[in-house]
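# just coords:
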């Protein structure tokens, strides 16, 4: 099931370079502007791909982790780990 607020955050980050810069500088402050449940907020702060992936469109997910500065290879490895049932991959 998708999460409106997570999707909205990701969409806003994609379309607003100033917001993306603020997010990189102070994630908690930007997250406070969105009605994101505390468990998901924690997953965002921890870059927990497995917890976040089912909540958003794959395109937005990929873009989000680019904004976060996660190397493409690491992002893909985490997705593959989810598919293979290995769960969370530390990176």
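That came through, no problem. Nothing here was measured: the structure is a model prediction, and the numbers come from that model. Residues are numbered from 1 along each chain as shown.
# the nearest residue to residue 2 once chain neighbours are set aside: neighbouring residues, count only.
With Cβ to Cβ, 6 or more residues apart in numbering as the criterion, residue 2 has its nearest non-adjacent residue at 5.8 Å, and that residue is residue 55. All C-beta atoms are positioned from the backbone trio N, CA, C, and that covers glycine. Here the number of neighbours of residue 55 (other Cβ atoms under 10 Å) works out to 20.
# ok, now how distant is residue 55 from residue 21?
24 Å (Cβ to Cβ, to the nearest Å).
# next: residue 48.
23 Å.
# ok, now residue 81?
For residue 81, the distance to residue 21 - Cβ to Cβ - is 30 Å.
# more neighbours, the two?
residue 81 (17 against 13).
# how distant is the helix or strand encompassing that one from the center of its chain?
Secondary structure from DSSP states H and E places residue 81 in helix 72-83. Centroid separation between helix 72-83 and its chain, computed with Cα atoms, centre = their mean, to the nearest Å, is 13 Å.
# where along the protein do the helices fall?
4-15, 17-25, 27-31, 38-45, 49-52, 58-67, 72-83 (DSSP state H).
# quick one, the last one and helix 58-67 angle?
Taking axes from the mean of the first three to the mean of the last three Cα atoms, to 10 degrees, one finds helix 72-83 and helix 58-67 inclined to each other by 130 degrees.
# now do the same contact list for residue 53.
61, 79, 82 (Cβ atoms under 8 Å, 6 or more residues apart in numbering).
# residue 65 too?
So residue 65 contacts 47, 49, 75 (Cβ under 8 Å, 6+ apart).
# need these in CSV with pLDDT, can you?
Formatted as CSV, those follow (pLDDT from 0 to 100):
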residue, pLDDT
47, 92
49, 90
75, 91
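# of these - the most surrounded one?
The most crowded member of these, judged by other Cβ under 10 Å, is residue 49 (22 neighbours).
# surely it touches residue 76?
No. Distance between residue 49 and residue 76: 10.0 Å, which falls outside the contact criterion (Cβ atoms under 8 Å).
# if you count neighbours, what's buried in stretch 26-38?
For stretch 26-38, the neighbour count (16 or more other Cβ atoms under 10 Å) marks 30, 31, 36 as buried.
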